[in-house]
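Q: Pasting the sequence and the predicted model now:
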Amino acid sequence: MAIDAELLKILVCPACKAPVTLTSDEQGLRCGTCKRVYPIKDDIPIMLVDEARVES
Amino acid sequence: MIDARGNRSALVRAYNLFSLLYGSTAARLEREGVTRGLARARIQPGERVLEVAVGTAAVHTRLRQRLSAHGLLVGVDFSSGMLRATRKRMPKARLAQADAHALPFPADGFDLLWASYLLDLIPTEELTPLLEEFRRVLRPGGRLLLVNFSKDSEKLIWWERLYQLTPTFLVPWLFAGCRPIQAAPFVRAAGFVGVEREYLAGGFNSEIITARK
């Protein structure tokens, strides 16, 4: 099961509140502004700033 | 009102473990307060509802019943164990792991924000900023519904005396971290209007607070 489409539509980055998009491997949500990637575990996105990695 | 004690990571560890038995213990004590809160929430089919701190889904299932299929229900929790428990009971629930202080949602998106038995865990100095964050994600006119472990006088109750005497590392385990609070002034300080408080004695003494953005 993938992450719910309605949920994906409303999720934003908890740090900068900008929209996030699914990464190509569908294992994370990337913030378009600060480039943080939030992991998805067991179909539950982990929207914690401390758990995010920053992609260059 | 006394302050919360214990550090946050210890509290999260405790709640990850509590997720295994919370539904059959604490959630039962909380049921009466939740029932009263649901009556006051006046949820309409089709509304957009956010529950902060879903726990083991004791309330989330009841919120779902009150929304039609068109309504949007989203739940967050800081504890991964609690989210797994909710997922197990509600395979289709829309869930995210999040910090209530920094919600992963845009401004003005929800008709109702529900948080039961969460604020009694939050250190006093963090209450107003937390409620400001709750207010941010509500649409103008959107409703806040809080159910908190509470008390009806200014005097210290036995729970508070014990809570203050207990070594810090034991507070999450013996008291689930929570102490009685009276949250209405903080709700007003965060900019909410129409703040009302109902006190419910017995079982878990609770307050039900309703307010509008």
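A: Received, thanks. Residues are numbered from 1 along each chain as shown, chains lettered A, B, ... in the order given.
Q: pLDDT-wise, which helix or strand of chain B ranks last?
A: The weakest-scoring helix or strand in chain B, judged by mean pLDDT, DSSP states H and E, is helix B:26-29 (a mean of 69).
Q: Following the biggest helix by length in chain B in sequence, what is the next regular element?
A: For chain B, the helix with the greatest residue count under DSSP state H is helix B:124-137. Counting by DSSP states H and E, the next helix or strand C-terminal to helix B:124-137 is strand B:138-149.
Q: circling back: which elements pack onto the longest helix of chain B?
A: Packing partners of helix B:124-137 (3 or more C-beta pairs under 8 Å, 6 or more residues apart in numbering or on different chains; DSSP states H and E): strand B:110-116, strand B:138-149, helix B:184-189. C-beta coordinates here come from the backbone N, C-alpha and C atoms, glycine included.
Q: Nearest approach to chain A belongs to which of those?
A: Ranking the helices and strands packed on helix B:124-137 by proximity to chain A (C-beta to the nearest C-beta) places strand B:110-116 first, at 9.1 Å.
Q: now the angle between helix B:124-137 and that closest one, please.
A: 150 degrees (axes from the mean of the first three to the mean of the last three C-alpha atoms, to 10 degrees).
Q: Just checking: what are the partner strands of strand B:110-116?
A: Partners of strand B:110-116 in the sheet, by DSSP bridges, are strand B:48-52 (parallel), strand B:138-149 (parallel).
Q: so after the first one, what's the next helix or strand?
A: Proceeding C-terminally, strand B:48-52 gives way to helix B:60-66 as the next helix or strand, assigned by DSSP H and E.
Q: what does the helix or strand that that following helix is followed by rub up against?
A: The helix or strand immediately downstream of helix B:60-66 is strand B:72-77, counting by DSSP H and E. Residues from elsewhere that reach strand B:72-77 (C-beta atoms under 8 Å, 6 or more residues apart in numbering or on different chains): A:6-7, A:10, A:47, B:47-55, B:57, B:60, B:63-64, B:67, B:83, B:86, B:93-98, B:100, B:103-105, B:110.
Q: could I get strand B:72-77 in CSV with only the CA atoms?
A: What follows is strand B:72-77, C-alpha atoms only, in CSV (Å, rounded to 0.1, in the frame of the first residue of the first chain):
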residue,chain,number,x,y,z
LEU,B,72,-11.2,14.1,5.7
LEU,B,73,-9.7,12.7,8.9
VAL,B,74,-6.0,12.9,9.5
GLY,B,75,-4.2,11.7,12.6
VAL,B,76,-0.7,12.4,13.9
ASP,B,77,1.3,11.2,16.9
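Q: Flag every residue of chain B that's near chain A.
A: Contact residues (C-beta under 8 Å from any C-beta of the partner chain) of chain B with chain A: B:72, B:74, B:76, B:80, B:83-84, B:87, B:92, B:94-99, B:102-107, B:109.
Q: Count the neighbours of B:Glu160 for me.
A: 16 (other C-beta atoms under 10 Å in any protein chain shown).
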